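Engineer: Give me coordinates for this.
(chains A and B)
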Amino acid sequence: MTKKPIQPQDGILVTLNLTKRFEDQLVFDSISLAIEEGKTTVIIGPSGCGKTVFMKHLIVLERPTEGQVYFKGQRIDHLDERSLAKIRMHFGFCFQMGALFDSLTVYENITFPVRQHYKTANPRMLDELVKQKLALVGMDGFQHQYPASLSGGQRKRVALARAIALNPEVILYDEPTTGLDPITSDVINELIIKLQKELKITSVVVTHDMKSAYKIADRIVMLYNGRIIADGDADHIRNHPHDVVQQFIHGRVGEAELAALRLGGTRFETQFTPDDFK
Amino acid sequence: MIIESLGEWTITKVGNTGRFFRFIWASMAALVHAVLRPRDYPLILTQMYAIGVQSVPVVMTTGAFVGMILAIQAYGQLASMGFEERLGVLINIAVVKELGPVLAAVMLAGRVGGALTAELGTMNVTEQIAAVESMGTNPIHYLVAPRVLACLLLTPFLIVYADLLGILGGWFISVYQLKINAGAYWNYSAIGVERWDICTGILKGFFFGGAIALISCYKGFTCRQGAHGVGQACTEAFVGCFMTILFLNYVFAVVFDAVYKCFWPLRMLL
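Structural biologist: Numbering: from 1, shown residues only, chains lettered A, B, ... in the order given. Model prediction:
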C-alpha cells in the first residue's frame, strides 16, 4: 500500500520536502511531516542529527535550502520578516537553555512579548498576566528575580511561562529536560502535558530523553542521517524493527561504534604520567 | 592551490561585506522606525545613559590629558622661536579639529564598542537574539536601533566634552606651569580657531558614533559560538572601529579642506 503524499492542510504545521544544507554539509534531506493540531509530537534522534535545526525551520528562524513550511495551510518559509513576526505570535519557543534575557527580571521577561505587540498601559493587567502564567508553571513569587539567581529547572519553567505569554497555538520545546535532574525533568514533562491538556496547545518537542518522550508523546518521529526513519506512537517506536531505532531507545551503542572503540584501544607504547612533564 | 585560496578568501570577504551593508541598511530602516515609535524611547534613553552618560568621565579625562600633553610638548619648540604666546592656537586647533574627536572616538570604541559586541555576542551564543526573533520582534529594531541611535546622537556631545577639557587642560598647563600670559593665550586662540574647525570636529562625531555602533553590533550579531567566539568578535570590533575612525578622519580631512577652500573666498566677501 502506498502512503498518501502529505498536503499543506494535513496538519497545523506541515513541512514538504524540507532540505537544509550548510555549505557542503547536508543536515536533513526532503523531510515531509504533518504535525497534528492539539497533539504532542516528539522528535527524537541522536545528537547532531539536525533535530533543533529542523524545529527552527518550523518557525522560520532558519530558511530551508529547499522545500516548504506551512502553518494552518499558509506557506510561511518565504515570507519577509514583518509578515513572519505576525505568524510567530502564534508560536511559543522554549529554548534549550531557556534563553531568558539576563538583563531583565522574570517579570520583564514574561511581559516582553506582550509589550512588544500590544499597547498595555495598565500595569495591573500585566501584573495579573505574569502572576497567572507563573502560577501555571509553579513559579509565582519569583517575579522580581533575575535569571542568574534561578536554578536550571526554574529557568526552564520561566522560559515556558514566557513562551505561553501570548497564548500561542503551538509551543516548540528544544530539549526541555536536558541538563536537569530526574525529578525536575519529570516536573517539566508534567508541565508539558498540563499545558497541552488545559490550553489545548499543539506541542512539538525535540529531545533524546526517551523517558520523557514516552511520557508526553502522542506521536514520536525519529530523525537519523537527515531522514525520518520511524514515525508512530510510543508502542510503534518501542517495537520498531529498525536497528538504529532499537539502539537509540535502549541507549545501546552500535556494533560499528563498539568496533571503532576497540580498534582505538587504551594501551599505547608510550604511557604518559604527570611526572613525565616535570 | 594559491589561486583557489585567494578565490575562497575573496568570496568570503565579498560575502561578509555584502552582509555588513545589508545589516547597515536594515539598521537604518530600524532607526527611522525607532524614532517614529515613542514606545521605543525608554530603550533609547537606557542606551543613551549607558553609552553616553557613563562615558563622560573617561572621555573628559582623555581630553584633559591630550590638552596638557600638547602644551608640554609644543612649548619648547615655540619658545625657541619666541612664539610661546601662540601656544593656545596650536593646542586648541589640534584638540578641536583632530585629537579631541579622534581620541574621544577611540576611547568610545574601546569602552562602548567592546561592551556592545560582548553583550550582543553573549546574547547571540545563548540564543537570546533567536528568542527575541521567535517572539515576533525584529532583533535589529529591538537591540540595534536604540544602540546606534544613542551612539549617533551622543558621540558629538562627548566630543564637545573632550574638546572642552582639552582646551582647559592646555590652558591650565600653559598659564600655571609654563607661565604664559593668559590674555595673550586666549587672544591668539580666538584668532586662530574658527567656528568651522569646531563644527567640523563635532560633525565627525556623528559619523564616528554611527560607525562604532554599527560595527560593534554587527560583530556581536555574527559572532561564533563559545567564549573564544565572543572574545574574537570583541577584538575584531575594536580593530574594525579603530581603522574605520582613522579612515573616516582622513576622508573628512580631505572633504572638509576642499569645502573650506571652496567657500573661503565667499566668506571674505561676506
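Engineer: number of nearby residues for residue 51?
Structural biologist: All of this is about chain A. Residues within reach of A:Lys51, counting by other Cβ atoms under 10 Å in any protein chain shown, total 25. Yep, even glycine has a C-beta here, placed from its N, CA and C like the rest.
Engineer: wait, chain B
Structural biologist: 28.
Engineer: quick one: pLDDT of it?
Structural biologist: B:Ile51 carries a pLDDT value of 89.
Engineer: how near is it to B:Leu152?
Structural biologist: Relative to B:Leu152, B:Ile51 is positioned 10 Å away (Cβ to Cβ, to the nearest Å).
Engineer: Now do the shared contacts for the two.
Structural biologist: Shared contacts of B:Ile51 and B:Leu152, defined by Cβ atoms under 8 Å, 6 or more residues apart in numbering or on different chains, are found at B:Ala213.
Engineer: which bits of the stretch 1-150 of chain A sit near chain B?
Structural biologist: Applying Cβ under 8 Å from any Cβ of the partner chain, one finds that the stretch 1-150 of chain A approaches chain B through A:56, A:59, A:61, A:81-82, A:84-89, A:91, A:93, A:95-97, A:99-102, A:112-113, A:115-117, A:119.
Engineer: Please narrow these to those residing in helices.
Structural biologist: Those of these mapping onto helices are A:56, A:81-82, A:84-88, A:112-113, A:115-117, per DSSP state H.
Engineer: that older thread, need the buried ones from the residues of the stretch 1-150 of chain A next to chain B selected in ChimeraX.
Structural biologist: The ChimeraX selection below is limited to those of those classed as buried (16 or more other Cβ atoms under 10 Å in any protein chain shown):
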select /A:56,59,61,84,85,87,88,89,91,93,95,96,97,99,100,101,102,112,113,116,117
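Engineer: Between which two of the ones in helices among the residues of the stretch 1-150 of chain A next to chain B is the distance greatest?
Structural biologist: Using Cβ to Cβ, the two most remote members of those are A:Lys56 and A:Arg115, lying 24.3 Å apart.
Engineer: Report whether A:Phe176 is found in a strand, as I expect.
Structural biologist: For the record, residue A:176 is Pro, not Phe. No - assessed with DSSP: H, G, I helix; E, B strand; the rest coil, A:Pro176 is coil; it does not lie in a strand.
Engineer: Tell me the one of the ones in helices among the residues of the stretch 1-150 of chain A next to chain B nearest A:Ile216?
Structural biologist: A:Lys56 (20.4 Å).
Engineer: which residue packs closest to the closest one, ignoring adjacent ones?
Structural biologist: A:Glu62 (4.4 Å; Cβ to Cβ, 6 or more residues apart in numbering or on different chains).
Engineer: my read: the one you found touches A:Gly50, true?
Structural biologist: No - between A:Glu62 and A:Gly50 there is no contact under Cβ atoms under 8 Å: 10.3 Å.
Engineer: Overlap in contacts, these two.
Structural biologist: A:Lys20.
Engineer: follow-up on the earlier one: could you redo the ones in helices among the residues of the stretch 1-150 of chain A next to chain B as TSV and give each row pLDDT?
Structural biologist: Formatted as TSV, these follow (pLDDT from 0 to 100):
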residue	pLDDT
A:Lys56	93
A:Glu81	86
A:Arg82	86
A:Leu84	90
A:Ala85	89
A:Lys86	89
A:Ile87	91
A:Arg88	91
A:Phe112	91
A:Pro113	90
A:Arg115	87
A:Gln116	86
A:His117	85
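Engineer: neighbours around residue 190, how many?
Structural biologist: Went with chain A since none was named. 13.
Engineer: oops, chain B please
Structural biologist: B:Ala190 - counted by other Cβ under 10 Å - has 12 other residues nearby.
Engineer: From chain A, how far out is it?
Structural biologist: Note on B:Ala190: its distance to chain A, by Cβ to the nearest Cβ, to the nearest Å, is 47 Å.
Engineer: tell me the contacts of residue 193?
Structural biologist: Going with chain A. A:Ile193 neighbours (Cβ under 8 Å, 6+ apart): A:40, A:215-216.
Engineer: Wait, chain B was what I had in mind.
Structural biologist: B:89, B:92-93, B:96.
Engineer: Work out for me the element the nearest residue to it once chain neighbours are set aside sits within.
Structural biologist: Excluding its sequence neighbours, the residue lying closest to B:Val193 (Cβ to Cβ, 6+ apart) is B:Asn92, at 4.8 Å. Per DSSP states H and E: B:Asn92 is located in helix B:87-93.
Engineer: So which bits of that helix are buried?
Structural biologist: B:87-93.
Engineer: For that helix, name the packing helices and strands.
Structural biologist: helix B:56-80, helix B:145-172, helix B:182-192 (3 or more Cβ pairs under 8 Å, 6 or more residues apart in numbering or on different chains; DSSP states H and E).
Engineer: Quickly compare the ones you listed and say which is most buried.
Structural biologist: helix B:145-172 (a mean of 24; mean count of other Cβ atoms under 10 Å in any protein chain shown).
Engineer: do it and chain A meet?
Structural biologist: No - using Cβ under 8 Å from any Cβ, helix B:145-172 stays clear of chain A, coming no nearer than 12.9 Å.
Engineer: helices or strands next to that helix in the packing?
Structural biologist: Against helix B:145-172 (3+ Cβ pairs under 8 Å, 6+ apart) you get helix B:2-35, helix B:41-47, helix B:56-80, helix B:87-93, helix B:100-108, helix B:182-192, helix B:195-221.
Engineer: Helix B:145-172 and the third one, what's the angle between them?
Structural biologist: In other words, helix B:56-80. 30 degrees (axes from the mean of the first three to the mean of the last three Cα atoms, to 10 degrees).
Engineer: Would you mind pulling up the elements that helix B:56-80 packs against?
Structural biologist: Using 3+ Cβ pairs under 8 Å, 6+ apart: helix B:56-80 touches helix B:87-93, helix B:100-108, helix B:145-172.
Engineer: tally of neighbours for B:Gly7?
Structural biologist: Close neighbours of B:Gly7, defined as other Cβ under 10 Å, add up to 10.
Engineer: quick one on the thing from earlier: quick one, which of the helices and strands packed on helix B:56-80 gets closest to A:Arg75.
Structural biologist: Between the helices and strands packed on helix B:56-80, helix B:145-172 lies closest to A:Arg75; by Cβ to Cβ that is 29.4 Å.
Engineer: could the helices and strands packed on helix B:145-172 go into JSON lines alongside mean pLDDT?
Structural biologist: As requested, the helices and strands packed on helix B:145-172 are arranged in JSON lines below (pLDDT from 0 to 100):
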{"stretch": "helix B:2-35", "mean pLDDT": "90"}
{"stretch": "helix B:41-47", "mean pLDDT": "90"}
{"stretch": "helix B:56-80", "mean pLDDT": "90"}
{"stretch": "helix B:87-93", "mean pLDDT": "89"}
{"stretch": "helix B:100-108", "mean pLDDT": "92"}
{"stretch": "helix B:182-192", "mean pLDDT": "87"}
{"stretch": "helix B:195-221", "mean pLDDT": "92"}
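Engineer: now those helices in JSON lines, with distance to A:Ile188?
Structural biologist: Listed next are the helices and strands packed on helix B:145-172 as JSON lines, based on distance: least, Cβ to Cβ, whole Å:
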{"stretch": "helix B:2-35", "distance to A:Ile188": "36"}
{"stretch": "helix B:41-47", "distance to A:Ile188": "32"}
{"stretch": "helix B:56-80", "distance to A:Ile188": "46"}
{"stretch": "helix B:87-93", "distance to A:Ile188": "66"}
{"stretch": "helix B:100-108", "distance to A:Ile188": "44"}
{"stretch": "helix B:182-192", "distance to A:Ile188": "70"}
{"stretch": "helix B:195-221", "distance to A:Ile188": "30"}
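Engineer: ranges for the strands of the stretch 51-200 of chain A?
Structural biologist: A:66-71, A:74-75, A:91-94, A:170-174 (DSSP state E, counting those that start in this stretch).
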